[in-house]
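K.L.:
Next input, structure requested:
(2 chains)
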Amino acid sequence: MATTPPTDASCSAEVPDAAGRFGDFGGRYVPETLIYALDQLAEQYEAARQDASFQAEYDDLLKNYVGRPSPLYFAKRLTEHCGGAEIWLKREDLNHTGAHKINNTVGQALLTMRMGKRRVIAETGAGQHGVATATACAHFGLECIVFMGEEDIRRQAPNVFSMKLLGAEVRPVTSGSRTLRDAVNEAMREWMSCVETTHYILGSVVGPHPFPKIVRDFQSVIGRETIEQSRQQLGGLPEVVVACVGGGSNAAGMFYPLVEHTGVSLVGVEAGGRGDQPGDHASPLTYGEPGVLHGSFSYVMQDEDGQTCDVHSMSAGLDYPGVGPEHSYWKSTGRATYTSCTDDNAMKAFDLMARLEGILPALESSHAVAQAMKIASGRDRSDRVVVCLSGRGDKDAAEIARLKGNG
Amino acid sequence: MSAIDDLFTRLRKENRKALMPFLTAGDPDLEFTAAMIRELAARGASMCEVGIPYSDPIADGPVIQASYTRALNKKVKLAEILKTLGAVTPQVETPLVTMGSYAIIYRHGVEKYADALVRHGVAGMIVPDLPLEESPRLAEVCKSRDLSLIQLVTPLTPRDRALRIAETSSGFLYYVSIAGITGERTELPDELVERVGWLRENSPLPVCIGFGISQPEHVRLLAPVADGLIVGSAIVRRMETAETDRGGTLREIGEYVASLVAELG
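P.N.:
Okay, here's the model as predicted:
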């Protein structure tokens, strides 16, 4: 089993190709039953992308419903604490529903309407994508069913309640590890029996083509705004951009518009969990190898037989054994680098953000903050590090209390 | 020519139809898997489809997934599964095909997996998550080893695509009766007979129907229009008792399969 070593091959923004390939990664490894729906989706999405009225409607939703642009905020006290480069936060936590997920769900809900479908299914891990999907569906009057692992339902109770308030049905998934990965399996199974009437709003840059491309495109507003705001507020692009990576949608949205700005270092941060042993972390780019999961060829945590490994992260949104194929492509070309951050270090970053900046970041985003602090500490004061603060941490309050022993 | 090609040549000559039962390897253990293959062969199965347990089987319904989970909880490994099949194939005339995710085949190595099947006397493979576009390489690997690569056609597959799938497939075409996952159904779609009839007329390969087939009436209705029928969940559901009652479970499954074979006509 050879891994793909980092090479000096050039990295293109003109991916994926027609077969959904990002270099060697991506593609479509799904049952024949889904091909029809994926072909239809790819075709309708391309038509929508080239339709000015679709784009105008999407932009209007982002502005007036989601509340964009989200601010690029200078974290002054956090910067002083680290004593190095300036740390700036791209405030996706200030979006409607409190995370970047809504950028994608309003886009895909709009696409659902365009395809003439009236029913939506989705998977969720942390519940952020579930809430964002339920929200978009309520906005458009679409029926919404969210698949969620039993373990995640326990960890993310407030989001489960919100989804129900928004009129969605939450279906507990009791198979396998009862987390995000099993929720994706169940959503794909459900989709196979109802592809003609139902759209599947996948929440990350994972899965079969064209999902990694669609989700990346809808999330790219993060990176585009960051470029514009950096030029205005920093007088140029930052030296480093950091984002957390579970499936990798906030990172893909942040990185993609910056791919061809090669002066900007792109750093993805995976969940390092309790340590580097299999089962203790959720870091396929750091510790895994290329393989197939959920319809795509990408880095994955598998055992020697190809069975998907159980993974661990205290943050439900990063607790996923796979990663989007474009991240594998960026890793293989060397355009982005990937590292991991342990539960403990993410928790320390969470505490510092709360006390120094008055911001409760999502546990997912805390991983990126921790890495950004480390990078900033080792850099010159004139450098700028932008962190994608992908979501707010209110949803994690109960879990954090539990982890801290109710401290 | 694989053993599957020989089988259908013979069946067509004798104007007979095939029945292919599915079983999960390693549920509850590989000794039972071997015993079950022998039982199925003795009861008139024309081929056996051996499911390789996988942690994330997206095309499978709850019955087969639960069976995979039971097998994986007992830590069944691919190498042992293949060894077991290799021990059984000399004892039965019934060709075996594996049904396993591309995740497993890729991890093992595509050529290594194909070589292992040949070495253990397995006639071919079904890879449910490897659609037409991703299959050329595996199709080549199988062709050069006389292994059948059995690919799937569904009610949602356009006709021109179905013919392209037939071109890269070998052995037979697996026609999925319904758009959905594996599992028993009481009702099968009305258009099924017509769709399979068209495919059979226009494809050079034999066509077998699977997904949802469980009852003798299904067999009576579909056997005349197909070259064979595949029964999965209805058998795997009956495997649930194997842990506590091997003999009884084997007998019950054997009798059930014999009852379906009797309806083939």
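K.L.:
all contacts plus neighbour counts: C-alpha atoms, from now on.
P.N.:
Fine.
K.L.:
Against which helices or strands is the longest strand anywhere in chain B packed?
P.N.:
Among the segments of chain B that qualify as a strand by DSSP state E, the longest is strand B:18-24. Other elements packing on strand B:18-24 under the criterion 3 or more CA pairs under 8 Å, 6 or more residues apart in numbering or on different chains; DSSP states H and E are helix B:30-42, strand B:48-51, helix B:62-73, strand B:228-231, helix B:233-238.
K.L.:
What residues of stretch B:14-31 count as buried?
P.N.:
B:17-30 (16 or more other CA atoms under 10 Å in any protein chain shown).
K.L.:
follow-up on the earlier one: mind listing the strands the longest strand of chain B pairs with, and their directions?
P.N.:
Sheet pairing for strand B:18-24, assigned by DSSP bridges, gives strand B:48-51 (parallel), strand B:228-231 (parallel).
K.L.:
Include mean pLDDT when you put the ones you listed into TSV, please.
P.N.:
Output for the strands paired with strand B:18-24, formatted as TSV (pLDDT from 0 to 100):
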stretch	mean pLDDT
strand B:48-51	98
strand B:228-231	98
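K.L.:
To B:Ala258, which of those lies closest?
P.N.:
Of all those, it is strand B:228-231 that lies closest to B:Ala258, at 12.3 Å by CA to CA.
K.L.:
Show me how far the closest one is from its chain's centre.
P.N.:
Relative to the centre of its chain, strand B:228-231 is centred 8 Å away, using CA atoms, centre = their mean, to the nearest Å.
K.L.:
Give me the contacts around that strand.
P.N.:
Residues from elsewhere that reach strand B:228-231 (CA atoms under 8 Å, 6 or more residues apart in numbering or on different chains): B:17-22, B:207-214, B:219, B:222-223.
K.L.:
so where do the strands sit in the stretch 101-250 of chain B?
P.N.:
For the stretch 101-250 of chain B, applying DSSP state E, counting those that start in this stretch gives strands covering B:124-126, B:148-150, B:152-153, B:173-176, B:207-210, B:228-231.
K.L.:
near chain B, which residues of chain A show up?
P.N.:
A:1, A:19, A:27-33, A:35-36, A:176, A:182, A:185-186, A:188-194, A:291-295, A:304-308 (CA under 8 Å from any CA of the partner chain).
K.L.:
Please, a ChimeraX command that selects the buried ones among those residues?
P.N.:
Typed into ChimeraX, the line below selects the buried ones among the residues of chain A next to chain B, using 16+ other CA under 10 Å:
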select /A:27,28,29,30,31,32,33,35,36,176,182,185,186,188,189,190,191,192,193,194,291,292,293,294,295,305,306,307,308
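K.L.:
by contact count, what packs against the longest helix anywhere in chain A?
P.N.:
Criterion DSSP state H: the longest helix present in chain A is helix A:32-49. With contacts taken as 3+ CA pairs under 8 Å, 6+ apart, helix A:32-49 sits against helix A:52-61, helix A:101-114, helix A:180-192, strand B:152-153.
K.L.:
which of those sits most buried?
P.N.:
Mean neighbour count (mean count of other CA atoms under 10 Å in any protein chain shown) peaks for strand B:152-153 among the helices and strands packed on helix A:32-49, with a mean of 28.
K.L.:
Does anything pack onto that one? Which helices or strands?
P.N.:
Going by 3+ CA pairs under 8 Å, 6+ apart, strand B:152-153 lies up against helix A:32-49, helix B:159-168, strand B:173-176.
K.L.:
The second one and chain A, are they touching?
P.N.:
Think helix B:159-168. No: contact of helix B:159-168 with chain A (CA under 8 Å from any CA) is absent, the minimum separation being 10.1 Å.
K.L.:
Identify the residues contacting that helix?
P.N.:
B:132, B:135-136, B:139, B:151-153, B:173, B:199, B:202-205.
K.L.:
if we can go back for a sec, please work out which of the helices and strands packed on strand B:18-24 is packed deepest.
P.N.:
Each of the helices and strands packed on strand B:18-24 was scored by mean neighbour count; the highest is strand B:228-231, a mean of 26, by mean count of other CA under 10 Å.
K.L.:
quick one, what contacts whatever residue of the stretch 151-265 of chain B ends up closest to chain A?
P.N.:
Of all residues in the stretch 151-265 of chain B, B:Gly180 sits closest to chain A, at 4.0 Å by CA to the nearest CA. With contacts defined as CA under 8 Å, 6+ apart, the neighbours of B:Gly180 are A:Thr33, A:Arg189, A:Glu190, A:Trp191, A:Met192, A:Ser193, A:Cys194, B:Ala59.
K.L.:
same thing with B:Lys77?
P.N.:
Taking CA under 8 Å, 6+ apart, we find B:Lys77 in contact with A:Asp305.
K.L.:
in chain A, what secondary structure element scores lowest on mean pLDDT?
P.N.:
helix A:150-155 (a mean of 86; mean pLDDT, DSSP states H and E).
K.L.:
Need the residues that contact the helix or strand following that helix.
P.N.:
With elements assigned by DSSP states H and E, the helix or strand that comes after helix A:150-155 is helix A:157-165. Contacts with helix A:157-165, where a contact means CA under 8 Å, 6+ apart, come from A:Gly127, A:Gln128, A:Gly130, A:Val131, A:Ala134, A:Thr135, A:Ile153, A:Glu169, A:Val170, A:Lys395.
K.L.:
Pull up the gap between the residue lying closest to the first one once chain neighbours are set aside and A:Cys137, please.
P.N.:
Right, A:Gly127. Of all residues not flanking A:Gly127 in the chain, A:Asn159 sits nearest, at 5.5 Å (CA to CA, 6 or more residues apart in numbering or on different chains). Distance of A:Asn159 to A:Cys137, computed by CA to CA, to the nearest Å: 16 Å.
K.L.:
Neighbour count for the two, which is higher?
P.N.:
A:Cys137 (27 against 22; other CA atoms under 10 Å in any protein chain shown).
K.L.:
which stretches of the stretch 251-400 of chain A form strands?
P.N.:
A:265-273, A:289-293, A:296-300, A:336-342, A:384-389.
K.L.:
among these, which is nearest B:Thr157?
P.N.:
Using CA to CA, the nearest of those to B:Thr157 is strand A:296-300, at 20.7 Å.
K.L.:
Could you pull up the mean pLDDT of that closest one?
P.N.:
Mean pLDDT, strand A:296-300: 98.
K.L.:
and the angle for that strand with strand A:289-293?
P.N.:
Per axes from the mean of the first three to the mean of the last three CA atoms, to 10 degrees, the angle that strand A:296-300 makes with strand A:289-293 is 130 degrees.
K.L.:
how would you label the residue nearest to A:Gly324 when sequence neighbours are not counted: helix, strand or coil?
P.N.:
Excluding the flanking residues, the one nearest A:Gly324 by CA to CA, 6+ apart is A:Val206, at 4.4 Å. Following DSSP: H, G, I helix; E, B strand; the rest coil, we place A:Val206 in the coil state.
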